[in-house]
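Q: below are the sequence and a predicted model for it; my questions follow.
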Amino acid sequence: MIYLDHNATTPVDPEVLTAMLPLLREHYANPASRHPAGESVARLVEAARRDIATLAGARPRDIVFTSGATEAANLAIHGVLATAPPDARRVLVGATEHPAILGAAHAAAERFGGSVQTIRVRPDGSLDLAHLRALLRPLPVGGPASARGPMPAGGQVALVAVMAANNETGALTDPRPVAAFAQEVGALFLCDVTQAFGRIPVAVAETGIDLAVASAHKVYGPKGVGVLIASRSARGRLSPLLHGGGQERGLRSGTLNTPGIVGFGAAARIAAAVFADEAVRTRAQTDLLYDQLVGWLGADAIEVNGPREDASRRPGLVRLPNTLSLRFVGADADAVLACLPDVAVSAGSACHGGADEPSPVLLAMGRSAAAARESLRFSVGRFTTVDQIHTAAAAVARAVLRVHSLHATASGDLAVSGQPGTSGELAGRGLPPDPRGLANPGNGQFPELPVPRSALP
Ligand SMILES: Cc1ncc(COP(=O)(O)O)c(C=O)c1O
Ligand code: FES
C-alpha cells in the first residue's frame, strides 16, 4: 500500500515512539505528584511544552495541552463566547474551515446566543479579505438575525477563525492581515494551524495570532494529543470547557497524557530540524505526481483544486508543499478509489465520517457538485519515495481510465477495442500493466489485525 493521505494522519516517527516508550514503562508517575518520580515526568512535560512552543513561535506559557485540535478549537470558541458580552458574540469563520471549527462555532453560538457568519473564499480557496473587512463592521443589535442562535446577535465580533493551511487543497492564508483587521475591532483571531504546523513556518506570536490549535498526529506524533496556543490576553478572555483538578493552569483539567505530550514534543523537535528540507522534497513529489498524471491522462482531464504557484503574480508560498487536490474530469472519485486499492488517498471529504456529500470545501470555492465528486486529495509525507510516486501515478491513471471506460461502456458509445482503460488502450499510452490485474480490486488492503483474545466472545 502506498500511503498518500498524510493530511488525514501521519505515521508515528520511529524516534517519536522511542521517546514515548519510557513514559509508558518506567516514567509512569503523575506529573502533578510532588514526589521525585512525578517531578521528573513534569520536567519531561515542560521540555515538550518548550519544543512545541519553539516550533510554533509562541511562549511555553501559552501552550495548553488538549486531546487534539478538535478539543482545542472547542475550548477556544466556547471559552471565548462564554465570557464575551451579550452585544459581542458574533463569530466569523472562513468558508473552508475544518468541521472542528465550524461545528464548535455553531454549537457555541447556539449555546451563548451568538451568531456565525461565513467569510467567503475566492475560487482558488484563498480568503476574501474584503469580505472579512465588511463583516467586521458592528451590526445593530437586534439587526439581521442569526440563522441559528436563539437571540439575534448583532453587535461586535468576538472571534475571527481562519485557518493557516487548508486540509483538502493546501491553500495557505497569510495570518497577518487577518490579525490586523481583527485587532482593529477588538476581536480575537483564532488560527487553525493543524496542517501548517511542522510543514511550513508558523510564527504565532509574531503574526498576531491570539489563539491557535494543532494536533500531534499530523506531524508524525501520536493521536489523541494536541494544543491550544493562547496568548496572555486571549487567556484572560477564556473560560474552561473541562472542570476538575485545575491542570494546565485551570484551562484544561484532567491528568496529562504524558506519553502523548512527550511524543508531541519529540515530533516538534524533529520537525524543526527537517521541515525545510521536507518541504522541498514533498513539493518536488507533488509536482512529479501532477506531471506524471498529466503525462498519462492529458492536461484536459485534470484540474487543480486550489492555488497554483505563479511567482510573478503571487510570490511566496501559496499551497502546502505536500498537498495536491485534483479533479479528474468525468471520473467519479468513489469509483476511482474502488479501482485503487493499493494507494491510500482521500476523496475530498473522506475524513468527515464517511459523509456521502460533495466536499463543502470545494463547493465553497465555487466548484460544482460534479467537480467536487470527481476530486481526490493526495498528501505525501516524510517517508514517501519517488518510486512510490511513479507507481501511484500509474495506478491512479489506470483507475481513472478504467472509470472512464466503464462510463463509456455504460452509455454504449465505446464498444470497440482500444477503448480507454482496456489493456490495449493502456499499452497504447505506455502505462505499465497493473501487477494485480485490473479486475482484482480486493488485493493489497491493510493486513487484517489480530483480535485480542479478551475481545473474543
Ligand atoms: C485543519 C484541521 N483542523 C483540525 C483537525 C482536527 O484534528 P483532530 O482530529 O486531531 O482533533 C484536523 C484533522 O483532521 C484538520 O485537518
Ligand atoms: S483532513 Fe481533517 S477531516 Fe479531513
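A: The structure has been received and is ready for your questions. Numbers count the residues shown, from 1 in each chain. Ligands and ions are numbered 1, 2, ... in the order given.
Q: what helices and strands are in contact with the host helix or strand of Leu228?
A: Using DSSP states H and E, Leu228 maps to strand 226-230. With contacts taken as 3 or more CB pairs under 8 Å, 6 or more residues apart in numbering; DSSP states H and E, strand 226-230 sits against helix 36-56, strand 63-66, helix 69-83, strand 211-215. For the C-beta atoms, the positions are set from N, CA and C on the backbone; glycine is no exception.
Q: winner for burial among those?
A: Most buried of the helices and strands packed on strand 226-230, by mean neighbour count (mean count of other CB atoms under 10 Å): strand 211-215, with a mean of 31.
Q: tell me the helices and strands packed up against it.
A: Applying 3+ CB pairs under 8 Å, 6+ apart, we find strand 211-215 packed against helix 69-83, strand 188-192, strand 226-230.
Q: coming back round to it: and the helices and strands packed on strand 226-230 as TSV, adding mean pLDDT and distance to ligand 1?
A: Listed next are the helices and strands packed on strand 226-230 as TSV, based on pLDDT from 0 to 100; distance: least, CB to the nearest ligand atom, whole Å:
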stretch	mean pLDDT	distance to ligand 1
helix 36-56	98	14
strand 63-66	98	8
helix 69-83	98	3
strand 211-215	98	3
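Q: now those in JSON lines, with distance to Ala95?
A: As requested, these are arranged in JSON lines below (distance: least, CB to CB, whole Å):
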{"stretch": "helix 36-56", "distance to Ala95": "25"}
{"stretch": "strand 63-66", "distance to Ala95": "25"}
{"stretch": "helix 69-83", "distance to Ala95": "16"}
{"stretch": "strand 211-215", "distance to Ala95": "18"}
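Q: would you reformat the ones you listed as JSON lines and include distance to ligand 2?
A: Output for the helices and strands packed on strand 226-230, formatted as JSON lines (distance: least, CB to the nearest ligand atom, whole Å):
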{"stretch": "helix 36-56", "distance to ligand 2": "19"}
{"stretch": "strand 63-66", "distance to ligand 2": "16"}
{"stretch": "helix 69-83", "distance to ligand 2": "9"}
{"stretch": "strand 211-215", "distance to ligand 2": "9"}
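Q: so which of those gets nearest Ala393?
A: Ala393 lies closest to strand 211-215 among these, at 29.0 Å (CB to CB).
Q: got the angle between the longest helix along the chain and helix 36-56?
A: Using DSSP state H to define each element, the chain has its longest helix at helix 258-297. Taking axes from the mean of the first three to the mean of the last three CA atoms, to 10 degrees, one finds helix 258-297 and helix 36-56 inclined to each other by 30 degrees.
Q: for the record, mean pLDDT for helix 258-297?
A: In this model, helix 258-297 has a mean pLDDT of 97.
Q: same question, stretch 101-117
A: What stretch 101-117 shows for mean pLDDT is 97.
Q: may I have it as CSV, with CA atoms only?
A: Provided in CSV are the C-alpha atoms of stretch 101-117 (Å, rounded to 0.1, in the frame of the first residue of the first chain):
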residue,chain,number,x,y,z
ILE,A,101,-14.0,24.9,13.9
LEU,A,102,-17.4,25.1,12.1
GLY,A,103,-19.1,22.7,14.5
ALA,A,104,-17.7,24.4,17.6
ALA,A,105,-18.7,27.8,16.3
HIS,A,106,-22.3,26.9,15.6
ALA,A,107,-22.6,25.0,18.9
ALA,A,108,-21.1,27.8,20.9
ALA,A,109,-23.2,30.5,19.1
GLU,A,110,-26.3,28.4,19.9
ARG,A,111,-25.3,27.9,23.5
PHE,A,112,-24.4,31.5,24.2
GLY,A,113,-26.9,33.4,22.0
GLY,A,114,-24.4,34.4,19.4
SER,A,115,-24.2,34.1,15.6
VAL,A,116,-21.9,32.7,13.0
GLN,A,117,-21.1,34.4,9.7
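Q: on that earlier part again, mean confidence for the strand holding Leu228?
A: On average, strand 226-230 scores 98.
Q: who does that strand pair up with?
A: Sheet pairing for strand 226-230, assigned by DSSP bridges, gives strand 63-66 (antiparallel), strand 211-215 (antiparallel).
Q: pull the residues that contact the longest one.
A: I take that to be strand 211-215. Applying CB atoms under 8 Å, 6 or more residues apart in numbering, the external contacts of strand 211-215 come out as 56, 58, 68-70, 72-73, 76, 80, 100, 188-194, 197, 202, 204, 223, 225-231, 234.
Q: give me the phi and psi for whatever residue of the stretch 101-250 of the chain ends up closest to ligand 2.
A: Nearest residue of the stretch 101-250 of the chain to ligand 2 (CB to the nearest ligand atom) works out as Asn167 at 3.6 Å. Dihedral pair for Asn167: phi -70, psi -30, per degrees, to the nearest 10.
Q: to which secondary structure element is Arg237 assigned?
A: Counting by DSSP H and E, Arg237 is part of no helix or strand.
Q: what about the strands in the stretch 251-400 of the chain?
A: Remark: strands assigned in the stretch 251-400 of the chain by DSSP state E, counting those that start in this stretch are 302-305, 323-328, 343-344, 346-347, 375-379.
Q: and the stretch 51-200 of the chain, by the same measure?
A: Using DSSP E, counting those that start in this stretch, strands in the stretch 51-200 of the chain cover 63-66, 90-94, 115-119, 157-161, 188-192.
Q: closest to Pro307 out of these?
A: strand 90-94 (14.4 Å).
Q: so what's His217 up against?
A: 9-10, 68, 223-225 are the contacts of His217 under CB under 8 Å, 6+ apart.
Q: ok, the most centrally placed residue in the chain - contacts?
A: Residue closest to the average C-alpha location in the chain (CA atoms, centre = their mean): Asn167, at 3.4 Å. Residues near Asn167 by CB under 8 Å, 6+ apart: 7, 98, 194-195, 361.
Q: what about 10 Å?
A: Contact analysis of Asn167 by CB atoms under 10 Å, 6 or more residues apart in numbering lists 7-8, 96-99, 192, 194-195, 218, 320, 323, 325, 346, 348, 351, 361, 377, 379.
Q: could you do Ala158 as well?
A: Counting by CB under 10 Å, 6+ apart, Ala158 touches 77, 80-81, 83-85, 88-92, 108-109, 112, 114, 185-188, 237.
Q: swap in 7 Å and give it another go.
A: 80-81, 84, 88-91, 187-188 (CB atoms under 7 Å, 6 or more residues apart in numbering).
Q: pLDDT at it, what is it?
A: Note on Ala158: pLDDT of 97.
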